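[1] pasting the sequence and the predicted coordinates here, then a few questions.
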Amino acid sequence: RIINFYNENQRLPNSVTIVNINQGPIAHGAIWVHASIMEKVNFTALKNKGITDIFLEQQAFTKTEYRTALLNFLNGASNAGIRVSAWVICLRENGTWVDPTNESYIESLINRIQEFLSFPGVGGIHLDYIRYPETAYNYPNATDIITGVVQRIYETVKSANPTLLVSAALMPEKEANAYLYGQDYAKLAQYLNVLVPMAYKGNYRANTTWITSVTSYIKDRCNGKEVWTGLQTYRSDEDPTRIPAKELESDIMAAFNGGATGYVLFRYGLIDNAFWDGNPYYLPG
């Protein structure tokens, strides 16, 4: 009846009003991408789902056989309005953990990051393995040591361009993080734009509620910095079965309920195809 009235009178009936519903801002959506599948990435699908950021594996920048694919990838992401951060493996090399007090190694790490920043289209640096391997309690001042490395990287990146994003993948073990890994969330937040706790519920045999708990714990300690919760898109490292789209969406909402302003999916190529059919996510409120 309303449609017929409008067609006849070119206006709505007096009994009908339209109220604009104010949604919150679109959440930051991000995704980790391995170098080997760069050419398979569908930027249109990512953009339509609200993906704003890609963390691209460092091999894309270091291996010459990827050079053409890398340049095409950076151009494609730029055209889609998606920021690309170089995903840097910090304290692990050739399957071995590196002592964060090894000055020559840290200098080479910083030089490597500077090389990544020289590629046109790189919008940030994403740090991974920036920790001890569950042995931090054996080293005096372990949290200061890890924080110091992050500070040096942060200052290097920001001196190149203050607008570049600096983020880090962090362990999600809350009060145990500093003791085991040398990752003190509050200290690290001074030198990060975004904290990314890897709340991989499958690996921790946890549930969706745990994702909210991890996110909230870190959000309360990061001095107002953004938290984008890292989410596993498959059952666990022991079971790579893809999580159904509806369950993954519930995990994303659990992160928002904990105070996250974004989510990061691990990883491209292991996500239920139905997930891409939905709309971007808006932050609550």
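    That came through, no problem.
[2] please enumerate the strands of the protein.
    Counting by DSSP state E, the chain has strands at residues 28-33, 51-57, 83-89, 92-93, 96-97, 122-128, 165-170, 194-197, 226-232, 234-236, 239-242, 262-266.
[3] contact partners of the second one?
    The contact list for strand 51-57 (C-beta atoms under 8 Å, 6 or more residues apart in numbering) reads 26, 28-35, 38, 41, 46, 73, 77, 82-87, 124, 126, 165, 167, 262, 264. Yep, even glycine has a C-beta here, placed from its N, CA and C like the rest.
[4] got it, and the fourth one?
    The contact list for strand 92-93, computed with C-beta under 8 Å, 6+ apart, reads 98, 105, 129.
[5] any idea which of these is the one closest to Ser15?
    Each of the contacts of strand 92-93 was scored against Ser15 by C-beta to C-beta, and Tyr129 proved nearest at 62.4 Å.
[6] now do the same contact list for that closest one.
    For Tyr129, the contacting residues are 89-92, 169, by C-beta under 8 Å, 6+ apart.
[7] and if you look at Gly202?
    Counting by C-beta under 8 Å, 6+ apart, Gly202 touches 232, 234-237, 239.
[8] picking that back up, out of the contacts of Tyr129, which are buried?
    Neighbour-count burial (16 or more other C-beta atoms under 10 Å) applied to the contacts of Tyr129 gives 89-91, 169.
[9] need the contact partners of stretch 219-230.
    With C-beta under 8 Å, 6+ apart as the criterion, stretch 219-230 contacts 28, 30, 167, 169, 172, 185-186, 189-190, 192-200, 211, 214-215, 218, 255, 258-264, 266.
[10] tell me the most buried of the strands of the chain?
    For the strands of the chain, average neighbour numbers computed from mean count of other C-beta atoms under 10 Å are highest in strand 194-197, which has a mean of 27.
[11] contacts for that one, please.
    For strand 194-197, contacts defined as C-beta under 8 Å, 6+ apart pick out 28, 126, 165-172, 185, 188-189, 214-215, 218, 222, 225-230, 262, 264.
[12] neighbouring strands - and their directions - for it?
    Its sheet considered, strand 194-197 pairs with strand 165-170 (parallel), strand 226-232 (parallel) by DSSP bridges.
[13] okay if I get those strands as JSON lines plus distance to Tyr281?
    Putting the strands paired with strand 194-197 into JSON lines (distance: least, C-beta to C-beta, whole Å) gives the following:
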{"stretch": "strand 165-170", "distance to Tyr281": "19"}
{"stretch": "strand 226-232", "distance to Tyr281": "12"}
